[in-house]
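# show me how the following folds:
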Amino acid sequence: MRFEFFLAQRMRSSSNESTVSARIIKIAIVAIALGIIMILIAMGSSLGLQKEIKNKTIALSGDLRIAPFENNNSTISIRPIDTIELRKNVWEDQSKISRAYPFIAKGVLLKTKQEFEGAIIKGITSSFPWEKLTPYLVAGSYPQFDSSLSKEIVLSQSLAQKLQLKIGERVTAYFQQKNEGSIPRVRYFTVTAIYQTGFPEFDNTFAFADMRHLQRINNWSESEIGGMEMFLHPKENVAIYAEEVYRALPPHIDVQTAQQRYQSIFDWIAVFDFNVLIILVIMILVGTLNMATALLVLILERSRMIGVLKSMGATNPQIQKLFLLNAVYIVGKGLLWGNLIGLGILFSQYYFGWLQLDPTSYFVTTVPVELPLHLWAGLNVLVLSVCSLLLWIPSLIIGRIDPTKVLRFR
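All right, here's what the predicted structure looks like:
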């Protein structure tokens, strides 16, 4: 065993709990533990919230949306595009696309005997990925549109409550025609599923039905649609592929990513990274300052021992290493307790969801957590490395201790 490691171990085993340094070291351990707990909670909740909101946003509209330029700034399909205009390799490239489906969006007035409510019906086909909305299913089961025209409709819980509707009940839908003064066209639907995503703007607006109803109401042919939405494979770069698709499309058709369509939401969740960075810097500084204070007290308290070691031939770097090893041990102890408590809090939130959020503000009902292993390991290495490097500065005081002065009096 090397000289420094041996003495560092002996110092820890022979330390007196009643000394000033012992109490300050305990405070430093608590400060580091609290710092790592706060960083873990901030990072885990931030990453979890970002992932949950991104996944939910993409689940509602896909990674990419292809539609005429006229439809981009509108929630309804104003102008149709013919699927003949779209090159099939654009939306049938299975190496990059996991799912693609056509849609039509149209305004509607939903009415029951007691209530009525305006909404937008999103017409879809059997290729729609209902599995993306499965986590948000509240009641019933999602329809599977087959060859025959379906009269099933999927409502959000918000719309169902406003209309006082339950599974199996019927709702009347009134569609306004293009010509002013013309009689609205009427369709009757049966509620088969109720969902709730937590996005108020979406939940208060959208219902799902068979797209063929909207094609007939709009007097569109079977090949005319409002647009295409696509889900890409997880490893695919959405922005790069969107550029490829755009170059392959006719000039009057545009492609937008989910981030472009929901820019304000993505900008908002990007702020979380900055907040986590601020917390990380502050906690590392607080922990380092506490450790620096503890190290200085420990050095001053052990000045006679330093004088003895120097008189026996020990060099300043050797003595510095001795105290730095003890400091790293203290930092490691704080990290251990901080990780145990911090990860315990995150795991309990993940499995039990005890901390709730207002979905109107945060789009989720419980705080989601996400902490990849490599980020957790990197955080601990970063904190340990920064603290160890910065603690080298107060250890330089060892070189200024003169053994002839500290050993003069007992």
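# per-residue confidence averaged over the one helix or strand residue 174 maps to?
Taking DSSP states H and E as the criterion, residue 174 maps to strand 170-175. The average pLDDT within strand 170-175 is 93.
# so what secondary structure elements neighbour the host helix or strand of residue 281?
Using DSSP H and E, residue 281 falls within helix 263-301. Judged by 3 or more C-beta pairs under 8 Å, 6 or more residues apart in numbering; DSSP states H and E, helix 263-301 is in contact with helix 20-61, helix 316-352, helix 373-390, helix 392-395. Any C-beta I mention is one placed from the backbone N, CA and C, and that applies to glycine too.
# pipe those into CSV and attach mean pLDDT per row.
As requested, the helices and strands packed on helix 263-301 are exported to CSV (pLDDT from 0 to 100):
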stretch, mean pLDDT
helix 20-61, 85
helix 316-352, 86
helix 373-390, 87
helix 392-395, 75
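# of all the ones you listed, which lies closest to residue 83?
helix 20-61 (19.1 Å; C-beta to C-beta).
# name all residues that make contact with the nearest residue to residue 341 once chain neighbours are set aside.
In space, and not counting its chain neighbours, residue 341 is closest to residue 37: 5.3 Å by C-beta to C-beta, 6 or more residues apart in numbering. Taking C-beta atoms under 8 Å, 6 or more residues apart in numbering as the criterion, residue 37 is in contact with 338, 341, 342, 345.
# for the helix holding residue 281, what does the pLDDT average out to?
The model assigns helix 263-301 a mean pLDDT of 82.
# same question for stretch 207-219.
93.
# tabulate the CA atom coordinates of it in CSV.
Only the C-alpha atoms of stretch 207-219 are listed here, as CSV (Å, rounded to 0.1, in the frame of the first residue of the first chain):
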residue,chain,number,x,y,z
ALA,A,207,-62.8,13.9,-32.4
PHE,A,208,-62.0,10.9,-34.7
ALA,A,209,-64.2,9.3,-37.3
ASP,A,210,-64.0,7.5,-40.6
MET,A,211,-62.4,9.7,-43.2
ARG,A,212,-64.8,8.5,-45.9
HIS,A,213,-67.6,10.5,-44.3
LEU,A,214,-65.6,13.7,-44.8
GLN,A,215,-64.7,12.8,-48.4
ARG,A,216,-68.4,12.5,-49.2
ILE,A,217,-69.4,15.7,-47.4
ASN,A,218,-66.6,17.7,-49.1
ASN,A,219,-67.5,16.1,-52.5
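# so what touches that stretch?
Outside stretch 207-219, the residues that touch it by C-beta under 8 Å, 6+ apart are 77, 80, 102-104, 106, 108, 110, 119-125, 128, 145, 149-156, 159, 173, 175, 185, 187, 189, 220-222, 224-226.
# for residue 264, which of the helices and strands packed on helix 263-301 is the nearest?
Nearest to residue 264, of the helices and strands packed on helix 263-301 and by C-beta to C-beta, is helix 20-61 at 11.0 Å.
# need the next SSE after that closest one, C-terminal direction.
strand 64-68.
# and the helix or strand following that next one, how far out from the chain middle?
Reading on from strand 64-68 to the C-terminus, the next helix or strand found by DSSP H and E is strand 81-82. In terms of C-alpha atoms, centre = their mean, to the nearest Å, the centre of strand 81-82 is found 36 Å from the chain centre.
# same thing with stretch 65-75?
Here stretch 65-75 is found 27 Å from its chain centre; the criterion is C-alpha atoms, centre = their mean.
# likewise stretch 314-327?
43 Å.
# rewinding a little: in helices only, show me the contacts of stretch 207-219.
residue 159 (DSSP state H).
# just the buried residues of the contacts of stretch 207-219.
For the contacts of stretch 207-219, a burial check counting by 16 or more other C-beta atoms under 10 Å picks out 77, 80, 102-104, 106, 108, 110, 119, 121-124, 128, 145, 150, 152-156, 159, 173, 175, 187, 189, 220, 224-226.
# now the closest residue in space to residue 334 that isn't next to it in sequence: how far from residue 335?
Excluding its sequence neighbours, the residue lying closest to residue 334 (C-beta to C-beta, 6+ apart) is residue 32, at 2.8 Å. Computed as C-beta to C-beta, to the nearest Å, the residue 32 to residue 335 distance reads 6 Å.
# try residue 214
Between residue 214 and residue 335 the distance is 59 Å, computed by C-beta to C-beta.
# more neighbours: which of the two?
When residue 214 is set against residue 335 and neighbours are counted by other C-beta atoms under 10 Å, the residue ahead is residue 214, at 25 against 22.
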